[in-house]
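In: Fold the following and give me the result.
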Amino acid sequence: MYVGVVRWVVAFVVAFVVAAGIGPLIAAVPSALNARSLVFFAAFLPQFVTAAAPLPLWMQLAALGLTWAAMAAVFN
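Out: You can find the predicted model right below:
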């Protein structure tokens with residue numbers, strides 16, 4: 001009975017996501033919270049920031065992260 005209820009709920013959620021058009025957003029959340037993604041960004045993004053830039057480091061990292069998120073939303 002549990003499996004039947006879970007399948008019904010999953011089917012309902014999938015139908016809602018498809019109808020609402022928020023599939024890329026739903027797919028991006030687990031990817032962003034994945035431990036491997038966090039380690040990758042912690043190792044990769046700091047290579048492209050500089051302390052001599054006019055913007056603070058956190059703003060540079062935020063801009064790079066948001067750029068990645070926008071590209072992932074468009075191309076996924």
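
In: For stretch 39-57, list every residue counted as buried.
Out: Neighbour counts over stretch 39-57 (16 or more other C-beta atoms under 10 Å) mark L45, V49 as buried. All C-beta spots, glycine's among them, are computed from the backbone N, C-alpha and C.

In: contact partners of it?
Out: Here stretch 39-57 makes contact (C-beta atoms under 8 Å, 6 or more residues apart in numbering) with Q60, L61, A63, L64, G65, W68.

In: pLDDT weak spots in this structure?
Out: For the chain, applying pLDDT under 70 flags the ranges 1-33, 76.

In: Repeat the analysis, applying 90 as the threshold.
Out: Applying pLDDT under 90 to the chain picks out residues 1-49, 51, 53, 55, 57-58, 61-62, 64-76.

In: circling back: restrict the contacts of stretch 39-57 to the buried ones and give me that as a PyMOL selection.
Out: Buried residues among the contacts of stretch 39-57 (16+ other C-beta under 10 Å), as a PyMOL selection:
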select buried, resi 60+61+64
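
In: how about the contacts of stretch 39-57 in a markdown table, adding secondary structure?
Out: Below are the contacts of stretch 39-57 laid out as a markdown table (DSSP: H, G, I helix; E, B strand; the rest coil):
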| residue | secondary structure |
| --- | --- |
| Q60 | helix |
| L61 | helix |
| A63 | helix |
| L64 | helix |
| G65 | helix |
| W68 | helix |
